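Colleague: Sharing a model prediction with you, sequence too.
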Amino acid sequence: MRYYQFHIGDYASHTRHLNHTEDLAYRRLLDFYYLHEQPIKQREIARQIGMRDCEQEVLSVLEEFFVSTNDGYINPRADREIEAYKAMKDAGKRGAEKRWGQDKSIASDAPPMATPCPPHGHPNDTLIATKNQEPLTSNHIEEEAKASLSGTGFPSCPHGRVLELWKQRLPQLSQPRTWEGARQSALKGRWNQAAKKSAWSDGYSTQEEGLKWWDSFFTYIANDTKLASGFETSGRVWRPDLPWVLNATNFAKIIDGKYQK
């Protein structure tokens, strides 16, 4: 892709804690990712984006805003926009072929349509426009979640009740006004992950057991980690929000005790 829409407000809300060098690194990493449309290899990425003297800052941003996989670092948000762009481009080509017969030369001469990408902030966020910017109610969240979260093999995630637990245990942190798309998917993923019995979770088989687990998890964040009070960087205090906590990489770090007091 050689074009993607950039929303300043959405970007700024997720990157206020970055210093100038880290902010530049994130912008260049996004440009690199969209241009090449493939996972980023950690090796020499700082040199490839022209920041070889700032390798530590580049790798720090890569770890925070991208997801590590066996193939390299990916950005799920950008991947969705790339796929949407390709789908729109293919649809435009098919429409041209249908209109003008099988003369593909006509379609190929036309520039690809630019997809109206959603604002770009954190890779696992999706900005949702709501009427008059009114927050969704818990009932609305529950109704929207039922169809997409059935048949998972785990007790379905009660999104509204988890959000209430977040509000009760961490009222000083940002409270989400909307809960759809990538945010809903992220909570579902972490809900199912915690439901499995592991070295760090006894697992759960019912919603009530799951809510008890998440209550204790949020209580742990509130009482035993530095996240509840935030971190001061460049004279500003950065505090996490729930989508940040639910990011797979950040979630694992919290479980590992990286932010413990």
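Modeller: Good, I have the coordinates.
Colleague: where does Tyr73 land in three-state SS?
Modeller: strand (DSSP: H, G, I helix; E, B strand; the rest coil).
Colleague: List the beta-bridge partners for it.
Modeller: In this structure, Tyr73 bridges to Ile40, Ser68 when assessed by DSSP bridges.
Colleague: And it, how close does it get to Asp90?
Modeller: Tyr73 sits 27 Å away from Asp90 when distances are taken as C-beta to C-beta, to the nearest Å. Every C-beta, even on glycine, is put in place using the N, C-alpha and C of the backbone.
Colleague: My read is that Leu163 contacts Trp179, right?
Modeller: Yes - taking contacts as C-beta atoms under 8 Å, Leu163 lies within contact range of Trp179: 6.6 Å.
Colleague: Compare the two (neighbour count), which wins?
Modeller: The neighbour comparison of Leu163 against Trp179 (other C-beta atoms under 10 Å) goes to Trp179, with 22 against 18.
Colleague: that older thread, between Tyr73 and Asp90, tell me which one has more neighbours.
Modeller: Between Tyr73 and Asp90, Tyr73 has the larger neighbour count (other C-beta under 10 Å), namely 20 against 11.
Colleague: any idea how far that one is from Tyr204?
Modeller: Distance check for Tyr73 against Tyr204: by C-beta to C-beta, it reads 31 Å.
Colleague: For the helix or strand containing Asp23, list the C-alpha coordinates in PDB.
Modeller: In this structure, Asp23 sits in helix 20-36 according to DSSP states H and E. Taking Å, rounded to 0.1, in the frame of the first residue of the first chain, the C-alpha atoms of helix 20-36 are listed here in PDB:
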ATOM      1  CA  HIS A  20      10.000  12.300  20.200                       C
ATOM      2  CA  THR A  21      12.400   9.600  19.100                       C
ATOM      3  CA  GLU A  22       9.900   6.800  19.900                       C
ATOM      4  CA  ASP A  23       7.100   8.700  18.100                       C
ATOM      5  CA  LEU A  24       9.200   9.000  15.000                       C
ATOM      6  CA  ALA A  25      10.100   5.300  15.200                       C
ATOM      7  CA  TYR A  26       6.400   4.300  15.400                       C
ATOM      8  CA  ARG A  27       5.500   6.500  12.400                       C
ATOM      9  CA  ARG A  28       8.300   5.000  10.300                       C
ATOM     10  CA  LEU A  29       7.500   1.500  11.300                       C
ATOM     11  CA  LEU A  30       3.900   2.000  10.200                       C
ATOM     12  CA  ASP A  31       5.000   3.400   6.900                       C
ATOM     13  CA  PHE A  32       7.500   0.500   6.400                       C
ATOM     14  CA  TYR A  33       4.800  -2.000   7.300                       C
ATOM     15  CA  TYR A  34       2.200  -0.600   4.900                       C
ATOM     16  CA  LEU A  35       4.700  -0.200   2.100                       C
ATOM     17  CA  HIS A  36       6.000  -3.800   2.300                       C
END
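Colleague: just checking, what packs against that helix?
Modeller: Packing partners of helix 20-36 (3 or more C-beta pairs under 8 Å, 6 or more residues apart in numbering; DSSP states H and E): helix 45-48, helix 55-65, helix 76-100.
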